[in-house]
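Undergrad: Need coordinates for the following:
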Amino acid sequence: MASGIFTKSIQSAFEFKEKAVRDLLLSSANFWLEEMHIDGLRVDCVSSILSSEYPREAQLFLKDLNAVVHSTSKGAVTIAEDFTRSKTVTSPLWQKGLGFDMKWHVLLASGLLKHIQK
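TA: Got it, this is the predicted structure:
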């Protein structure tokens, strides 16, 4: 199990400035959608990705990812794990957003679970 890969943050795991890295990640997403027939992808640590050493390239990758998912797999959804208040995460690409369909606010979710368990 590769649990240590994201211990520091995702920004140190991938160099988004490298086209080969972005292409590999996009082809991996496409594989899961087309070959394994999954109906969506959740992207972890979106705020960390966007605050990476190359934020412009990271943003381009996330936009490309959403474009690929929505154009190749009709009905597939993308979910961003993000704790910021940024509305651009779920804004459509044509409105200069990142194009995610939903946002998963992990701190809110864990707080709700604790509240429900009481």
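Undergrad: pLDDT value on the residue nearest the centre of the chain, please?
TA: For the chain, the residue lying nearest the average C-alpha position, counting by Cα atoms, centre = their mean, turns out to be Val43 (2.8 Å). We have a pLDDT of 93 for Val43.
Undergrad: Pull up the gap between it and Asn30, please.
TA: In this structure, Val43 and Asn30 are 14 Å apart, going by Cβ to Cβ, to the nearest Å. Placement of C-beta: from N, CA and C, glycine included.
Undergrad: likewise Ile116?
TA: With distances defined as Cβ to Cβ, the gap from Ile116 to Asn30 amounts to 37 Å.
Undergrad: what bits of the chain have low per-residue confidence?
TA: Counting by pLDDT under 70, the ranges of the chain that qualify are 1-12, 109.
Undergrad: where do the strands sit along the chain?
TA: Secondary structure of the chain, counting by DSSP state E: strands at 40-43, 77-81, 102-104.
Undergrad: most tightly surrounded among those strands?
TA: Between those, the one whose residues have the most neighbours on average, counting mean count of other Cβ atoms under 10 Å, is strand 77-81 (a mean of 19).
Undergrad: That one pairs with which strands, and in what direction?
TA: Within its sheet, and counting by DSSP bridges, strand 77-81 is paired with strand 40-43 (parallel), strand 102-104 (parallel).
Undergrad: Any idea which of those gets closest to Glu15?
TA: Distances from Glu15 to each of the strands paired with strand 77-81 were compared using Cβ to Cβ; the shortest belongs to strand 40-43, at 16.8 Å.
Undergrad: Go ahead and produce PDB holding the CA coordinates of that closest one.
TA: Extracted as PDB, the C-alpha positions of strand 40-43 are listed here (Å, rounded to 0.1, in the frame of the first residue of the first chain):
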ATOM      1  CA  GLY A  40     -16.700   9.500 -11.600                       C
ATOM      2  CA  LEU A  41     -13.400  10.700 -10.100                       C
ATOM      3  CA  ARG A  42     -12.600  12.400  -6.800                       C
ATOM      4  CA  VAL A  43      -9.500  14.500  -6.800                       C
END
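Undergrad: Also compute the angle for the longest helix seen in the chain relative to strand 77-81, please.
TA: Counting residues, the longest helix in the chain under DSSP state H turns out to be helix 55-72. Direction vectors for helix 55-72 and strand 77-81, defined by axes from the mean of the first three to the mean of the last three Cα atoms, to 10 degrees, enclose an angle of 150 degrees.
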